[in-house]
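Enquirer: here are the coordinates; sequence isn't available:
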């Protein structure tokens, strides 16, 4: 498949998912609506789409005017439909494109927080590969409600963590793509520091190996689901 990776900054890119897509024989291209260049082929020519995170928020249209353009394109993507997985900001953008509320959460989740799958996730083509409960790497100040007609697949005490809309769109609030090197850059970012930098570093060293394996598993599961959907 031709896979489009929508990214939103140098520190929030495809990361772990890139090698997984390559190993499965897919062609993945990174691109951003914030870049001046165009992707190598028309946007409607891609077989699957990954929408990653970013330091901006969905309502910061003045600072990032291209967000409106991306949101409109995601609305069209949902209508076609194209197999899509959104992560953190990507999940929020997909939820907003589907008409759901998106906004600040009462308690930001930054660091390692427990996530629990819902009963519906047991039969889900993508999230069913994850444990019923796991510690997930989180880094978000915003969250979103469940889009109309969507199925809740995961939650934490603070927010909705995963959903499926229709048969081809998924969103997760946690970061299955994150690598340890990438996370180090986030921790050192003075514009959005974690409440306990050394605590996050220590816990990351203990958890990152297992977490990366779950991330690879989730990516493979999405790509396999996308192949089945495109083969129909």
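Expert: Happy to help now that I have it. Just so you know, these numbers come straight off a predicted model, no measurement behind them.
Enquirer: quick one, longest strand in the chain?
Expert: Scanning the chain for the longest strand, with DSSP state E as the assignment, gives strand 102-117.
Enquirer: Pull the distance from the helix or strand bottoming out on mean pLDDT in the chain to the chain's centre.
Expert: In the chain, no helix or strand scores lower on mean pLDDT, DSSP states H and E than helix 180-188, which sits at a mean of 94. Distance of helix 180-188 from the chain centroid (CA atoms, centre = their mean, to the nearest Å) equals 17 Å.
Enquirer: Show residues contacting it.
Expert: Identification of contacts with helix 180-188 by CB atoms under 8 Å, 6 or more residues apart in numbering yields 11, 15, 137, 139, 192-194, 197, 200-201, 204-205, 208. For the C-beta atoms, the positions are set from N, CA and C on the backbone; glycine is no exception.
Enquirer: Tell me the secondary structure at the residue nearest to residue 22 when sequence neighbours are not counted.
Expert: The shortest distance from residue 22 to any non-neighbouring residue, by CB to CB, 6 or more residues apart in numbering, is to residue 28 (6.9 Å). Put simply, residue 28 is strand when judged by DSSP: H, G, I helix; E, B strand; the rest coil.
Enquirer: Would you agree residue 28 is in contact with residue 13?
Expert: No: Residue 28 is beyond contact range of residue 13, at 11.1 Å (criterion: CB atoms under 8 Å).
Enquirer: hey, what's in contact with both of these two?
Expert: residue 5.
Enquirer: Looking at the two now, which is surrounded by more residues?
Expert: Neighbours were counted for residue 28 and for residue 13 using other CB atoms under 10 Å; residue 28 has more, 21 against 18.
Enquirer: Now the lengthiest helix in the chain: buried residues?
Expert: Using DSSP state H, we find that the single longest helix of the chain is helix 197-230. Residues of helix 197-230 classed as buried: 200, 204, 207-208, 211-212, 214-216, 218-223, 225-227, 229 (neighbour count, 16 or more other CB atoms under 10 Å).
Enquirer: ditto for stretch 84-97
Expert: Across stretch 84-97, burial judged by 16+ other CB under 10 Å covers 84-97.
Enquirer: is the most centrally placed residue in the chain in a bridge, and if so with what?
Expert: Centroid-nearest residue in the chain, with CA atoms, centre = their mean: residue 87, separated by 0.8 Å. Taking DSSP bridges as the rule, residue 87 bridges to residue 172.
Enquirer: tell me the contacts of it?
Expert: 50, 51, 52, 53, 171, 172, 174, 175, 176, 177.
Enquirer: ok, 7 Å please
Expert: By CB atoms under 7 Å, 6 or more residues apart in numbering, the residues touching residue 87 are 51, 52, 53, 172, 175, 176, 177.
Enquirer: ok so, going back, just send the contacts of helix 180-188 back as TSV, with distance to residue 150 and pLDDT too.
Expert: As requested, the contacts of helix 180-188 are exported to TSV (distance: CB to CB, whole Å; pLDDT from 0 to 100):
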residue	distance to residue 150	pLDDT
11	29	86
15	26	95
137	23	98
139	23	97
192	28	89
193	33	87
194	30	92
197	35	95
200	31	96
201	35	96
204	31	96
205	36	96
208	30	97
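Enquirer: now, which of those residues sits nearest residue 155?
Expert: Distance to residue 155 across the contacts of helix 180-188 (CB to CB) is lowest for residue 137, with 16.2 Å.
Enquirer: For burial, what's the neighbour tally of the closest one?
Expert: Using other CB under 10 Å, residue 137 has 26 other residues around it.
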